[in-house]
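Chemist: give me coordinates for this.
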Amino acid sequence: MKKLLTLGMTLLCGCSLAACGTSPSAQHNANEADGPLTKVGQYTKSDATDPKVTLLAIKHYDRTYQLDGATIKIKTAKLLQMDATTKKQRTDYETKLGQDLGKKFYVYQVEYVLTNTSDQKITSNGFEVINPQGEQLATNDGAADLAASASIQPKAKKSGTLIAIAKKSDQGKLDKFKIVSPELIDAAGHTTAEAQTIDLRKRASNTSQTAAANSSSDEQSATPAANSNQQTAASSADHANGDDKVMVAGHSFHHETFAGTDILVGDNGEGEAGEWAANNPATQNNASVKAQLSSIYGNN
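Modeler: Residues are numbered from 1 along each chain as shown. Below you'll find the predicted structure:
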């Protein structure tokens, strides 16, 4: 578990791994990492207390969502394979996740930053996860927010790591996980922000519209801060799926009308095309992709 925390924190520094040398031994260990796991196939070796950790899937979001008196930035989501040959290597995970684990198990991991935008100290009761099967996993019941119960001073921020039990079949379903934001409580014990469900597939949604459509639920869909002032209850319902497909860098997208604007949305969880291309290392410096999107969106 300490290794997972180290990898998560090191990721914030933007480190990367490079293979050194060309000997057979070096080539064999090219995927072995001492820092963050940033490429599929990279792994960290096991030790006395931690299992071997292999990166099966990764998605960069860097999206900020607005709560009452706080913001949440979802940075990166990963699917990790954990190979624990001894009971000691999985004991910490079993304690935090509240479940017995086998010698091989899978973990969904999210790196986030919680910022207190209010003028009073707040405490987070921890994030939760809704997996692709629709099961909500709470702390010590299939999930663990490693920064839960943290107090955050006014105008300060805190980085955290959320983990949850996953399946190997979730490898192509990172966008089908949902995050339940924490309930935020002030120093007097009053709730300042209710829990909200964050659907990472959606670029934006309208909180009040979602709450009305799901009145039987205590949770709402969070609204990305960058678009929260532009959304209205009417515009949030203004989505229409198009039948025409557009291929961008080998990925399939379709047209949707969002807040009166035609946008491209990925068919396999990529999200809006421009944001996806800007955050995807394979396309962010690709001139042809940029030109294609500029032509579609009518940008100069």
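
Chemist: so, low pLDDT: which residues of the stretch 1-150 of the chain?
Modeler: Applying pLDDT under 70 to the stretch 1-150 of the chain flags residues 1-28.

Chemist: now do the helices in it.
Modeler: Ranges of helices in the stretch 1-150 of the chain, per DSSP state H, counting those that start in this stretch, are 2-11, 24-28, 87-97.

Chemist: what does the stretch 201-300 of the chain give?
Modeler: For the stretch 201-300 of the chain, the helices defined by DSSP H, counting those that start in this stretch occupy 207-213, 233-236, 273-279, 287-297.

Chemist: select from these the stretch with the lowest mean pLDDT.
Modeler: When the helices of the stretch 201-300 of the chain are ranked by mean pLDDT, helix 233-236 comes last with a mean of 32.

Chemist: quick check, central residue of this structure?
Modeler: For the chain, Ala77 is the residue whose C-alpha lies nearest the centre (Cα atoms, centre = their mean; 3.9 Å).

Chemist: tell me who's in contact with that one.
Modeler: Ile58, Lys59, Tyr61, Tyr108, Gln109, Val110, Glu111, Leu174, Phe177, Leu200 (Cβ atoms under 8 Å, 6 or more residues apart in numbering). (C-beta placed from N, C-alpha, C; glycine too.)

Chemist: for Lys155, same thing?
Modeler: By Cβ under 8 Å, 6+ apart, the contact list for Lys155 reads Asn116, Thr117, Asp119.

Chemist: one more: Gly189?
Modeler: Residues in contact with Gly189 (Cβ under 8 Å, 6+ apart): none are found.

Chemist: and it, how far is that from Gln99?
Modeler: Noted for Gly189: a distance of 31 Å to Gln99, by Cβ to Cβ, to the nearest Å.

Chemist: Ala282 now?
Modeler: 35 Å.

Chemist: about what we covered before: nearest to Thr54 among the contacts of Lys155?
Modeler: Nearest to Thr54 among these, counting by Cβ to Cβ, is Asn116 at 35.3 Å.

Chemist: what count of nearby residues applies to that closest one?
Modeler: Asn116: 24 surrounding residues under other Cβ atoms under 10 Å.

Chemist: just to revisit the earlier point, which residues does the residue nearest to the centre of the chain bridge with?
Modeler: Lys59, Val110 (DSSP bridges).

Chemist: check the gap between it and Val248 for me.
Modeler: 21 Å.
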